[in-house]
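**Q** give me coordinates for this.
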Amino acid sequence: MKGLSNWIWALLGTLAIIMIVVGAPYAQEPKQKGTSYSPVDIKEDFAAIMARMKVAKPEVMKRQMDVLNARYDLANRPAKDVTMSRGKPVQEGVRAKPPQGMTWEKLQAMSPEEVRGKDLFPAGFLPLPHPNHPEGGMVFPKFHINEIQKKEGRDLTRFDLDFDLPDHFLPEFPPPMYLTTRSDLGDVSQGKVVTLDNYYDLFNGIVNPKQLEGLRLLVTPFPQQQFNATEDRRTVRPSGGVVCFECHANGHTNASTHLAGDIRPQEFRHRIDTPTLRGLHIQRLFGSQRALKSVEDFTEFEQRGAYFDGDHVIGTKKGANILERGSQVHFMAEFQELLDFPPAPKLDVFGKLIPEKATEAELRGEELFFGKAKCASCHQAPYYTDNLMHNLKVERFYKPRMINGMMASADGPIKTFPLRGIKDSPPYLHDGRLLTLEDTVEFFNLILETKLTEAERKDLVVFLRAL
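**A** Residues are numbered from 1 along each chain as shown. Just a heads-up that it's a prediction; the model follows:
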């Protein structure tokens, strides 16, 4: 018996060793944890990286355009007699496509739980992925790339991808620039793109020396992101970098895109639609989600963190630009805080419509804005912001999913952007997923469950165009 007992114990010991080596059926495999850091010591040489990405580019862009075409009506269909400040036509109509067999009226009659359960949330209302979400980085519209190459000889073309949204959904270019201190001058940019070549001629004698120096820094290239001299750049030739006004053209926006740096892993990062800098002087939060408390904080964060990546390690490799807070950063902020909203001749000093100048539709839209539509709960006159952050909890309406390399899940709290001059700043929402003001009204009508009629939604759009 003793020999049998010893044999059984030996057999059990052998089985235990096998289970340790092979893996017990109930054992937990250690989960592979990702990293917060981008690769620094890249082993692949630049020529190989570029060749590989150039070959992949057509398929990368096809995948993104397939997403856009499935979501939206991308046709060039301008509204009659409605333009931005310098005359570019404003696009009209709801461009997000409702689910097959559904209407907007049927959708707004459903509860969030029902929309989610039946997977009926419109694809165009879901978070929008970057043109190449796994890669990310700054992407500029072609019209901006062409103008900067012509004016300064800097080539902002990426060999791995292009900007995705059609030009007719983007802000006018170049946009006018208005100053709070010299409203008598109108567009101080004189219809030109403000660059390092012309900023002095345009602004000397209009702003003070501190502000002029701040503007110089805002149009000075710094080696960041995909535009630098390292082997992980995304330009054919080494680049001197980008300027602050590369995205915020003339202190406004050209709808350049990127990824927010606040989140990891990569697929959870949010696409960023560049907001306008107009009206910066009345804002108290900076960054769609960071809630930085001053524009000086924002400037330092971006310069030290590889622009929007929030990665000081890769920023140092690419060429960190540590600006001095007391002079350089302060001077940049002082100029930005001069940037004014475009004129709104139908508004009084309280930001409300002057009845004698407004149409009946605009007045009806204003009443809805401050009433049934609930817009003024966050967007308060006169500048149509409350300088707070709000969590809309859009995820009530859909289940998380992967969309072209991006995990569409909860957005979290987002700052309330001012609505003054809003018709000059398409596309809308923090990631640009809403192409028109009609899309925006339809989106909020659904998620706020305000149940506006079709006529009310049209009146609301007319009011927004007057802001």
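**Q** what about Pro426, which helix or strand?
**A** When elements are assigned from DSSP states H and E, Pro426 belongs to no helix and no strand.
**Q** in stretch 255-272, what counts as buried?
**A** 255-261, 266-272 (16 or more other Cβ atoms under 10 Å). For every residue, glycine as well, the C-beta is placed using N, CA and C.
**Q** ignore what I typed, I meant stretch 421-436.
**A** Result for stretch 421-436 [16+ other Cβ under 10 Å]: buried residues 421-436.
**Q** among those residues, which are in helices?
**A** Among the buried residues of stretch 421-436, no member is found in helices (DSSP state H).
**Q** for this structure, which segments count as helices?
**A** Under DSSP H, the chain gives helices at 2-22, 46-71, 104-108, 112-117, 142-152, 199-203, 209-218, 295-304, 312-319, 330-336, 360-369, 437-447, 454-466.
**Q** now mean pLDDT, distance to Pro174 and mean neighbour count too, for the ones you listed, in TSV please.
**A** Listed next are those as TSV, based on pLDDT from 0 to 100; distance: least, Cβ to Cβ, whole Å; neighbours: other Cβ atoms under 10 Å:
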stretch	mean pLDDT	distance to Pro174	mean neighbour count
helix 2-22	45	66	10
helix 46-71	98	25	14
helix 104-108	96	36	15
helix 112-117	98	41	14
helix 142-152	97	7	16
helix 199-203	98	12	15
helix 209-218	97	15	19
helix 295-304	82	22	20
helix 312-319	84	28	18
helix 330-336	96	17	21
helix 360-369	98	29	19
helix 437-447	98	22	23
helix 454-466	98	21	20
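**Q** wait, which of the ones you listed is closest to Gly251?
**A** For Gly251, the closest of those is helix 330-336, at 6.9 Å, according to Cβ to Cβ.
**Q** what are the contacting residues of that closest one?
**A** With Cβ atoms under 8 Å, 6 or more residues apart in numbering as the test, helix 330-336 has contacts from 207, 210-215, 217-218, 244, 251, 277, 280, 294-296, 299, 323.
**Q** how does it look with 6 Å?
**A** Lys210, Gln211, Glu213, Gly214, Leu215, Leu217, Leu218, Leu277, Leu280, Val295, Glu296, Thr299 (Cβ atoms under 6 Å, 6 or more residues apart in numbering).
**Q** could you measure from the nearest residue to the second one once chain neighbours are set aside over to Lys33?
**A** With Cβ to Cβ, 6 or more residues apart in numbering as the measure, Phe335 is the residue that lies nearest to Gln211, at 4.5 Å, once sequence neighbours are left out. Computed with Cβ to Cβ, to the nearest Å, the distance linking Phe335 and Lys33 is 43 Å.
**Q** Lys57 too?
**A** In terms of Cβ to Cβ, Lys57 sits 31 Å off from Lys33.
**Q** now do Cys244
**A** 35 Å.
**Q** also Met53?
**A** Between Met53 and Lys33 the computed distance is 27 Å (Cβ to Cβ).
**Q** do Asp187 as well
**A** 52 Å.
**Q** for Ala123, same thing?
**A** 32 Å.
**Q** the two: which is more packed in?
**A** Ala123 (18 against 6; other Cβ atoms under 10 Å).
**Q** now do the same contact list for the more buried one.
**A** Counted by Cβ under 6 Å, 6+ apart, Ala123 has contacts Arg71.
**Q** run the last query once more with 10 Å
**A** Counting by Cβ atoms under 10 Å, 6 or more residues apart in numbering, Ala123 touches 67-68, 70-72, 96-99, 398, 403, 408, 433.
**Q** and those residues, which is closest to Gly365?
**A** Ala96 (20.6 Å).
**Q** number of nearby residues for the closest residue to the closest one other than its chain neighbours?
**A** Using Cβ to Cβ, 6+ apart and skipping the chain neighbours, the partner closest in space to Ala96 is Gly124 (2.8 Å). Per other Cβ under 10 Å, the neighbour tally for Gly124 reads 22.
**Q** give me the lowest-pLDDT entry from the buried residues of stretch 255-272.
**A** Least confident by pLDDT among the buried residues of stretch 255-272: that is Gly261, with 87.
**Q** circling back: quick check, nearest of the contacts of Ala123 to Lys415?
**A** Once Cβ to Cβ is applied, the member of these that ends up nearest Lys415 is Arg433, at 16.3 Å.
**Q** now do the closest residue to the closest one other than its chain neighbours, the pLDDT please.
**A** In space, and not counting its chain neighbours, Arg433 is closest to Leu128: 4.0 Å by Cβ to Cβ, 6+ apart. Here, the pLDDT recorded for Leu128 equals 98.
**Q** so who does Leu128 touch?
**A** 64, 67-68, 71-72, 164-165, 257, 270-271, 273, 403-404, 406, 408, 427, 429-435.
**Q** quick one: it and Leu434, what's the gap?
**A** In terms of Cβ to Cβ, Leu128 sits 9 Å off from Leu434.
**Q** go on, Ile282?
**A** 23 Å.
**Q** same thing with Pro343?
**A** Pro343 is 25 Å from Leu434, by Cβ to Cβ.
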